[in-house]
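Engineer: requesting a structural model of the entry that follows:
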Amino acid sequence: MQLRNRVIFDHKIALDTVPWRDDCASFRRFNPSSGVWTRKDTARAYNREGEKIYKEIEERLASSDLSRSNWCPGSQVLPYVMSIGELNKGTHQLEIDIDATPIDGDKLNHWLVSAYLTYEVE
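Structural biologist: Residues are numbered from 1 along each chain as shown. The predicted structure is shown next:
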């Protein structure tokens, strides 16, 4: 599910994005423990007379092939880097805001978030 992600620093939006990866199938070979199942699909083909026909086929699908929010199993996850400008001494507020998703039966939705702040002293 594509969800908006925001980083808000001192009540100003520092990042506003919808992270999404739809190229996860290209990393299947780096994730050998991925579950695999088959799904039915149709493929266009031609009969001996050259007429276009459609055949039902079974295609292998790995769980790691599915699109995900900013990561694919086996891929490198690049961080978002942003500047928050000059900071004055004192208390500041950092807020990470990710749109909520409803609980669907026994499927609990959660997000693992990590962040760090680095700075330079002149």
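
Engineer: sec struct for the residue of the chain positioned farthest from its centre, please.
Structural biologist: What lies farthest from the middle of the chain is residue 49; by CA atoms, centre = their mean that is 45.0 Å. Under DSSP: H, G, I helix; E, B strand; the rest coil, the three-state class of residue 49 is coil.

Engineer: OK, contacts around it?
Structural biologist: By CB atoms under 8 Å, 6 or more residues apart in numbering, no residues touch residue 49. Glycine gets a C-beta too; all of them are placed from N, C-alpha and C.

Engineer: phi, psi for it please.
Structural biologist: Main-chain dihedrals, residue 49, degrees, to the nearest 10: phi -90, psi 0.

Engineer: do residue 65 as well
Structural biologist: When read as degrees, to the nearest 10, the backbone of residue 65 gives phi -80, psi -20.

Engineer: that one reaches residue 23, doesn't it?
Structural biologist: No - assessed by CB atoms under 8 Å, residue 65 is found out of contact with residue 23, at 9.9 Å.

Engineer: of those two, give the one with the bigger neighbour count.
Structural biologist: The neighbour count for residue 65 versus residue 23, taken as other CB atoms under 10 Å, is higher for residue 65 (18 against 11).

Engineer: pretty sure residue 54 contacts residue 45?
Structural biologist: Yes - the pair residue 54 and residue 45 passes the contact test of CB under 8 Å, sitting 7.2 Å apart.

Engineer: leaving out chain neighbours, which residue sits closest to the most centrally placed residue in the chain?
Structural biologist: With distances taken as CA atoms, centre = their mean, the chain has residue 69 as the residue nearest its mean C-alpha position (1.6 Å). For residue 69, ignoring the flanking residues on the chain, the nearest one in space by CB to CB, 6 or more residues apart in numbering is residue 19 at 5.5 Å.
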